[in-house]
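Asker: sequence and predicted model, in that order:
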Amino acid sequence: MNRIVPLILAVALFMEQMDSTVIATSLPAIAHDLNVGPITLKLALTAYMVSLAIFIPLSGWMADRFGAKRVFRLAILVFIIGSILCAVADGLIFFVVARFIQGMGGAMMTPVARLVLVRSTSRSELVSAMAMLTIPALVGPLAGPPLGGFITTYFTWHWIFLINVPVGILGYVLSGIYLPDIHSAPPGPLDLKGFVLGAIAAGGTMFGLSVISLPALPPAVGVVSTLSGLLAGWLYVRHAKRHPSPLLDLKLFGDSAFRAAAIGGTLFRISIGAIPFLMPLMLQVGFGLSPFQSGMITFTGAIGAITTKFIAKRVLSLAGFRTTLIIASLSGAVFTAVNALFTPQTPVWIISLILLAAGFVRSFFFTGVNALSFADIADSDASKATSMSAVLQQMSLALGVAIAGTILEIETTISGTQLSLEDFHLAFIIISVLTLAAVVPFLTMAKSAGASVSGHRLIQKNEEVTAVK
């Protein structure tokens, strides 16, 4: 495996993941400069998520039609342009449109990067390569808030977006030099009807969930949008079953490994979407810490995520996908529930140590589940698998934020008071139960699933014994 390929792809993904969260702590400052309220400016966050939801399904077809390397480099340029426009925005509409353009670039960068990695990496090296790509997905949301708070406090919020420019240019240049030219069979005509239905389904649901949980608009708008998205999703399922080459191919779920990774990963990512929303809020509202102080505490989870890269391949080789993902799912649920025990009297070093271990477990889970998604998928279906996986990831992350926000809103409505520490504790417990459900798909998965990728020694020994008999 060419070591620089996953490194280039990881840097681009880190830029996208970081940018999607770094803005959170800077919303008040940006809102002040644009003469709008912070709640209103959350439309910019929603615009980014909706853009991802709309254009991710198109990424696989684009990569097959125009070449994965070319589309990836174009996505970096679009992301850079969107970043510059965000930095110079002088009004709400301008800023929202700029964030939408950024989302277009991010929608292509993430799934196409994974596709490039899958097609340029041997199956035996896929776990190590996926571990590299897992890091930015976990470090970005954790490092974003403290970095955003630091830049906004000591510089100006404009630099949040301008720092993407040199990083993006470097990624564009290096990808042109080192990424391989990957050729695939030309796809059929674009499934235009499927694209429209998928865009309404994913975009409408994402927008609706965001508005319900972070009501910048009346909640009724979010409910109508969500229901419209669900209706479009049902219509898309009917369409996909009849279309010879749908944009999002539901036949992928016929592969047991992909199905387990998709369902289990979606349930687990609800927790990943909820925790970056709940934890900083609990530390600030419940503990009375500043945004920068809370960000420095949550950042310890990123250290745990990074360490996984060095041992993931060896662990999966010894235990296999099934055992590793079952243990990671159970551990992830436990660490999520432990957050409900934190109080202002809990020593910071204990909180940091638990978040460190939680980051380690979650990184292990995503390294395994991302590799499992492609373990038994034919190379010809890799682009479809990347699109489907990316859509499910974004939807589950948005669902995590929506569920967490809804839990807090219901609790404050029932109590008739402002948010309290107990409200966050209950939210963490509910989210941990949802995380626990992620273990079910892996319990039913064959022990040999993905053995060609994990190199699971136990399976290999059993096969040798069977051959001797």
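Answerer: Done, it's in. Numbers count the residues shown, from 1 in each chain.
Asker: and the helix ranked longest in the chain, what other elements does it pack with?
Answerer: Counting residues, the longest helix found in the chain (DSSP state H) is helix 382-415. Here helix 382-415 touches helix 38-66, helix 92-120, helix 192-213, helix 256-281, helix 348-375, helix 421-436, going by 3 or more CB pairs under 8 Å, 6 or more residues apart in numbering; DSSP states H and E. All C-beta atoms are positioned from the backbone trio N, CA, C, and that covers glycine.
Asker: buried set for the fourth one?
Answerer: So the one you mean is helix 256-281. Using 16 or more other CB atoms under 10 Å as the test for burial, helix 256-281 gives 257-281.
Asker: poorly predicted segments of the stretch 1-150 of the chain, please.
Answerer: By pLDDT under 70, the low-scoring segments of the stretch 1-150 of the chain are 1-3, 20-21, 24-25, 37-40, 123-124, 134-143, 145.
Asker: how many neighbouring residues does the nearest residue to residue 370 once chain neighbours are set aside have?
Answerer: Distances taken as CB to CB, 6 or more residues apart in numbering put residue 130 closest to residue 370, at 4.6 Å, once the chain neighbours are dropped. Here the number of neighbours of residue 130 (other CB atoms under 10 Å) works out to 28.
Asker: how close does residue 130 sit to residue 369?
Answerer: Separation of residue 130 from residue 369 (CB to CB, to the nearest Å) stands at 9 Å.
Asker: what do you get for residue 326?
Answerer: In terms of CB to CB, residue 326 sits 12 Å off from residue 369.
Asker: let's verify the residue nearest to residue 370: helix, strand, or coil?
Answerer: helix (DSSP: H, G, I helix; E, B strand; the rest coil).
Asker: so it makes contact with residue 367?
Answerer: Yes: applying CB atoms under 8 Å as the test, residue 130 and residue 367 come out as touching, 5.4 Å apart.
Asker: shared neighbours of these two, which are they?
Answerer: Counting by CB atoms under 8 Å, 6 or more residues apart in numbering, the common neighbours of residue 130 and residue 367 are residue 312.
Asker: follow-up on the earlier one: report the contact partners of the residue nearest to residue 370.
Answerer: Contacts of residue 130 (CB under 8 Å, 6+ apart): 117, 312, 367, 370, 371.
Asker: now the last one, nearest residue through space, not along the chain?
Answerer: When you say that, I think you mean residue 371. Using CB to CB, 6+ apart, the nearest residue to residue 371 is residue 130, at 4.4 Å.
Asker: next one: that neighbour from residue 308, what distance?
Answerer: Relative to residue 308, and taking CB to CB, residue 130 is found at 10 Å.
Asker: and for these two, which residues touch both?
Answerer: Counting by CB under 8 Å, 6+ apart, the shared contacts of residue 130 and residue 308 are residue 367.
Asker: if we can go back for a sec, lowest-confidence one in the contacts of residue 130?
Answerer: By pLDDT, residue 312 ranks lowest within the contacts of residue 130, coming in at 74.
Asker: my guess is that one contacts residue 365, does it?
Answerer: No: with contact defined as CB under 8 Å, residue 312 does not reach residue 365; the gap is 10.3 Å.
Asker: more crowded one of these two?
Answerer: Higher neighbour count among residue 312 and residue 365: residue 365, with 28 against 24, using other CB under 10 Å.
Asker: do I have it right that the more buried one meets residue 332?
Answerer: Yes: taking contacts as CB under 8 Å, residue 365 lies within contact range of residue 332: 6.0 Å.
Asker: common neighbours of those two, please.
Answerer: Residues within reach of residue 365 and of residue 332 at once, by CB under 8 Å, 6+ apart, are residue 268.
Asker: quick one: residue 222 from residue 83, how far?
Answerer: For residue 222 relative to residue 83 (CB to CB), the value is 28 Å.
Asker: next: residue 443.
Answerer: Distance from residue 443 to residue 83, by CB to CB: 43 Å.
Asker: cool, residue 169 as well?
Answerer: 11 Å.
Asker: so for the two, which sits in the more crowded spot?
Answerer: More neighbours surround residue 83 than the other of residue 169 and residue 83, with 24 against 13 (other CB under 10 Å).
Asker: surely that one and residue 166 touch.
Answerer: No: using CB under 8 Å as the test, residue 83 is too far from residue 166 to be in contact (10.7 Å).
Asker: circling back to that earlier point, who has more neighbours, residue 326 and residue 369?
Answerer: residue 369 (28 against 19).
Asker: mind listing what that one touches?
Answerer: Here residue 369 is in contact with 261, 264, 265, 268, 325 (CB under 8 Å, 6+ apart).
Asker: before we move on, what about residue 273?
Answerer: 396, 397, 398, 399, 400, 401, 404.
Asker: what's around residue 133, how many residues?
Answerer: 23.
Asker: equivalent analysis for residue 153, please.
Answerer: 15.
Asker: contacting residues for residue 287?
Answerer: Here residue 287 is in contact with 294, 344, 421 (criterion: CB under 8 Å, 6+ apart).
Asker: could those go into TSV alongside neighbour count?
Answerer: Below are the contacts of residue 287 laid out as TSV (neighbours: other CB atoms under 10 Å):
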residue	neighbour count
294	23
344	10
421	14
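Asker: kindly indicate which of those lies nearest residue 248.
Answerer: Residue 248 lies nearest to residue 294 out of these, by CB to CB, at 37.6 Å.
Asker: and that closest one, what element?
Answerer: In this assignment (DSSP states H and E), residue 294 forms part of helix 291-298.
Asker: other SSEs contacting that helix?
Answerer: Helix 291-298 packs on helix 126-154, helix 256-281, helix 348-375, going by 3+ CB pairs under 8 Å, 6+ apart.
Asker: just the buried positions in the helix or strand following it, please.
Answerer: Following helix 291-298 in sequence order, the next helix or strand is helix 300-307 (DSSP H and E). Neighbour counts over helix 300-307 (16+ other CB under 10 Å) mark 300, 301, 302, 304, 305, 306 as buried.
Asker: reformat those residues as TSV; add distance to residue 161.
Answerer: Shown next, in TSV, are those (distance: CB to CB, whole Å):
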residue	distance to residue 161
300	26
301	25
302	21
304	28
305	24
306	25
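Asker: which pair in those spans the largest distance?
Answerer: Of all pairs in the buried residues of helix 300-307, the most separated under CB to CB is 300 and 306 at 11.0 Å.
Asker: what is in contact with the two at once?
Answerer: By CB under 8 Å, 6+ apart, no residue touches both residue 300 and residue 306.
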